[in-house]
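>>> just a sequence and a predicted model for now, questions to come.
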Amino acid sequence: MSRNAKINTLLLVIVAALAVFPLVLGLGDHKEEPFAGADAEAETAITEIAPDYEPWFSPLYEPPSGEVESALFALQAALGAGVLAYYFGLRKGRRQGEARAATAAPGDASRPAVSSDGPAA
């Protein structure tokens, strides 16, 4: 097994452990909604500290249900991941192209000659 494969396997095991440990250890069992998220936790803490607190503004769009809210959040995360993957793929492709261009000799027969009229026949 190569060094990169060992590192990738170790990272996958760590990610799986981070996902499974809270469930195995029963973290959050004492709560009504154990995995509600940071927003719900903050709202609960604010109402406990200052019950008369009024929010500065209300959301522009309130989803009809928690499932729709989760779906919109997942869509946002997928779009962000797609943009990042495109950007990093583009950078890697450009680097690889520059490396190939740098290693090829100016009169190399493997590269097609390009004139001002277009590619050579």
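Good, I have the coordinates. Residues are numbered from 1 along each chain as shown.
>>> please count neighbours and contacts with C-alpha atoms only from this point.
Fine.
>>> quick one: the helices in the protein?
3-25, 38-49, 66-103 (DSSP state H).
>>> mean pLDDT lowest where, among the ones you listed?
For the helices of the chain, mean pLDDT drops lowest on helix 38-49, to a mean of 85.
>>> just to revisit the earlier point, can you lay out the helices of the chain as JSON lines showing distance to residue 55?
Putting those into JSON lines (distance: least, Cα to Cα, whole Å) gives the following:
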{"stretch": "helix 3-25", "distance to residue 55": "32"}
{"stretch": "helix 38-49", "distance to residue 55": "10"}
{"stretch": "helix 66-103", "distance to residue 55": "20"}
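>>> export those helices as TSV, with columns for mean neighbour count and distance to residue 32.
Shown next, in TSV, are the helices of the chain (neighbours: other Cα atoms under 10 Å; distance: least, Cα to Cα, whole Å):
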stretch	mean neighbour count	distance to residue 32
helix 3-25	11	15
helix 38-49	11	12
helix 66-103	12	15
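>>> distance between the ends of stretch 48-62?
24 Å (Cα to Cα, to the nearest Å).
>>> over to stretch 44-53?
OK, stretch 44-53 end separation, Cα to Cα: 12 Å.
>>> contact partners for the residue most central in space within the chain?
Centroid-nearest residue in the chain, with Cα atoms, centre = their mean: residue 81, separated by 4.1 Å. By Cα atoms under 8 Å, 6 or more residues apart in numbering, the contact list for residue 81 is empty.
>>> measure it to residue 74 for me?
Distance, residue 81 to residue 74, by Cα to Cα: 10 Å.
>>> and residue 42, by the same measure?
On the measure of Cα to Cα, residue 42 and residue 74 end up 21 Å apart.
>>> could you do residue 18 as well?
20 Å.
>>> before we move on, what about residue 82?
For residue 82, the distance to residue 74 - Cα to Cα - is 12 Å.
>>> ditto for residue 104
For residue 104, the distance to residue 74 - Cα to Cα - is 44 Å.
>>> also residue 51?
For residue 51, the distance to residue 74 - Cα to Cα - is 32 Å.
>>> now swap in residue 91 and tell me
Where residue 74 is concerned, residue 91 sits at a distance of 26 Å (Cα to Cα).
>>> perfect, I'm done here.
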